[in-house]
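Prediction below, plus the sequence it came from.
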Amino acid sequence: MTTASLRIDLDAVLANWRALDAMTSAATETGAVVKADSYGLGAARVAQVLARAGARKFFVAAAEEGAAVRQALGEGPEIFVFSGHMADDTGLIRDLGLTPMLNSLDQVQRHFDALPGAAFGVQLDTGMNRLGLEPADWAGVSAELIAAGPKLVMSHLACSDEPDHPMNALQLKNFRAMTDGLGLKRALSATGGILLGPDYHFDVTRPGIGLYGGLPFETARPVVRLSLPVVQIRTVAPGETVGYANSWTAARESRIATVAAGYADGLSRRFSGKATLWAGDTPCPLVGRVSMDLITVDVTDLPEVPQSLEILGPHQGVDALAEVAGTIGYEILTSLGQRYQRAYVGGPV
Ligand SMILES: *Cc1c(COP(=O)(O)O)cnc(C)c1O
């Protein structure tokens, strides 16, 4: 069975990075978040493209994720680890030259005991209550940490996709209260924060989803196209049913295409009976249940059924598809399965 093809436009990733970079002043450095294998699109390729364009700061969630990025980039660019210095991370941090963002007093202790003199950053909690030192912890250790020269001090906004949310201003105020006047390199904003304007930019930004074409970066260039091969086409008589649980019944004589991708490939079962696929400019409804490896699509109105149908592309981006399942573009991207052949378009040759 031919597997589906996921086309990833590296030129679009690059254009998105440059567009986000252009929204901040020249004094603000634009980093790149490549956690979760660059939101499922391939951390090595993405990191290489952005490094060639001048990105020097990369962010991953866990130390293990730093390995592929370091291998792709070689020495030089900084790779920051959001989860900090966990108990088993010391070897990876040392060998790969990673920079853990220390999140707690335990992590501070561990890092200074295990790797004295090694690079580190600090993550501060300004109200999200997820990661980072609380203001009281920070007050207790800031002198010691500042003396040791953190590479970066950061916090993360909880509501930056809602520009009018009062939490944004509150976290900004808290971040400034914890860091103003200390001469530290600071980062507060992911994609959403960049869009909030210069007060939120500080020295370094950390865009992720915007690079990959997702909201809240509305003018992002789309990055992914996903075409799914048609395995079989059959005619179904009125009254006949399709798929598990007989959940769709033909109201007219229908042609049904069986298409090779299912929930094991990241197509949510919540798409069942709701999502739309595209044959060129013509929409074709997904009918019946999404199964593990297959979906069924009503192609009755197509004069000719193509070899593949598109579920992500110019007619339906990651956020439009996300809406069908009541989720967000981030989840659509990071769910894209390992069975897809990832084909890269553009980027360095
Ligand atoms: C994931 C993440 C980012 C990137 O966020 P986007 O909304 O994808 O731009 C930035 N900073 C932290 C701490 C993150 O966890």
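Sure thing, it's come through. Residues are numbered from 1 along each chain as shown.

With just CA atoms, put stretch 138-158 into PDB.
Output of stretch 138-158 as PDB, limited to C-alpha atoms (Å, rounded to 0.1, in the frame of the first residue of the first chain):
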ATOM      1  CA  TRP A 138      14.000  33.600  42.800                       C
ATOM      2  CA  ALA A 139      14.500  36.200  45.400                       C
ATOM      3  CA  GLY A 140      16.400  33.700  47.500                       C
ATOM      4  CA  VAL A 141      18.800  32.500  44.800                       C
ATOM      5  CA  SER A 142      18.900  35.300  42.200                       C
ATOM      6  CA  ALA A 143      22.200  36.800  43.500                       C
ATOM      7  CA  GLU A 144      24.000  33.500  43.300                       C
ATOM      8  CA  LEU A 145      22.500  32.700  39.900                       C
ATOM      9  CA  ILE A 146      23.200  36.100  38.400                       C
ATOM     10  CA  ALA A 147      26.800  35.800  39.600                       C
ATOM     11  CA  ALA A 148      27.100  32.500  37.700                       C
ATOM     12  CA  GLY A 149      26.000  34.200  34.500                       C
ATOM     13  CA  PRO A 150      22.700  32.700  33.100                       C
ATOM     14  CA  LYS A 151      22.600  32.600  29.300                       C
ATOM     15  CA  LEU A 152      18.900  33.600  29.400                       C
ATOM     16  CA  VAL A 153      16.100  34.300  31.800                       C
ATOM     17  CA  MET A 154      12.600  33.500  30.600                       C
ATOM     18  CA  SER A 155       9.000  33.100  31.400                       C
ATOM     19  CA  HIS A 156       6.000  31.900  29.400                       C
ATOM     20  CA  LEU A 157       2.600  33.600  28.800                       C
ATOM     21  CA  ALA A 158      -0.500  31.700  29.500                       C
END
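
Next one: the residue most central in space within the chain from the ligand, what distance?
Centroid check for the chain by C-alpha atoms, centre = their mean gives Tyr39 as the closest residue, at 3.4 Å. The gap separating Tyr39 from the ligand is 7 Å, by C-beta to the nearest ligand atom, to the nearest Å. Any C-beta I mention is one placed from the backbone N, CA and C, and that applies to glycine too.

The closest residue in space to that residue that isn't next to it in sequence and the ligand, how far apart?
Distances taken as C-beta to C-beta, 6 or more residues apart in numbering put Leu333 closest to Tyr39, at 4.4 Å, once the chain neighbours are dropped. As for Leu333, its distance to the ligand is 10 Å (criterion: C-beta to the nearest ligand atom).

Quick one: residues contacting Leu333.
For Leu333, the contacting residues are Tyr39, Gly40, Leu41, Ile209, Tyr212, Gly214, Val224, Val318, by C-beta atoms under 8 Å, 6 or more residues apart in numbering.

burial count for the second one?
A total of 23 residues lie near Gly40 under the criterion other C-beta atoms under 10 Å.

show me what contacts it?
Counted by C-beta under 8 Å, 6+ apart, Gly40 has contacts Gly266, Leu333, Thr334, Ser335, Leu336.

could I get these as CSV with pLDDT and secondary structure?
CSV is the format used below for the contacts of Gly40 (pLDDT from 0 to 100; DSSP: H, G, I helix; E, B strand; the rest coil):
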residue, pLDDT, secondary structure
Gly266, 96, coil
Leu333, 97, helix
Thr334, 97, helix
Ser335, 96, helix
Leu336, 94, coil
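
Looking at these, state which has the most neighbours.
Leu333 (26 neighbours).

Going by distance to Arg342, which of the contacts of Leu333 wins?
Checking the contacts of Leu333 against Arg342 by C-beta to C-beta gives Leu41 as the nearest, at 7.4 Å.

if I read this right, the closest one contacts Arg342, doesn't it?
Yes. Here Leu41 reaches Arg342: they are 7.4 Å apart, a contact under C-beta atoms under 8 Å.

Touching both of these two, which residues are there?
With C-beta under 8 Å, 6+ apart, Leu41 and Arg342 have common neighbours Ile8.

Leu215: what secondary structure?
coil (DSSP: H, G, I helix; E, B strand; the rest coil).

burial count for the nearest residue to it once chain neighbours are set aside?
Nearest residue to Leu215, sequence neighbours excluded (C-beta to C-beta, 6+ apart): Asp319, at 4.8 Å. As a burial measure, Asp319 scores 20 neighbours (other C-beta under 10 Å).

quick one, helices of the stretch 101-250 of the chain?
Listed in chain order, the helices of the stretch 101-250 of the chain (DSSP state H, counting those that start in this stretch) span residues 105-114, 135-148, 166-179, 191-196.

Out of those helices, which is closest to the ligand?
helix 191-196 (3.3 Å; C-beta to the nearest ligand atom).

how much space between the closest residue to Phe202 other than its chain neighbours and the ligand?
The shortest distance from Phe202 to any non-neighbouring residue, by C-beta to C-beta, 6+ apart, is to Arg186 (4.1 Å). The gap separating Arg186 from the ligand is 13 Å, by C-beta to the nearest ligand atom.

again with Thr126
Distance from Thr126 to the ligand, by C-beta to the nearest ligand atom: 12 Å.

Spell out which residues of the stretch 201-349 of the chain are next to the ligand.
Arg206, Pro207, Gly208, Ile209, Gly210 (C-beta under 6 Å from any ligand atom).

Oh, that last question was meant for the stretch 51-200 of the chain, not what I typed.
Phe82, His156, Ala190, Thr191, Gly192.
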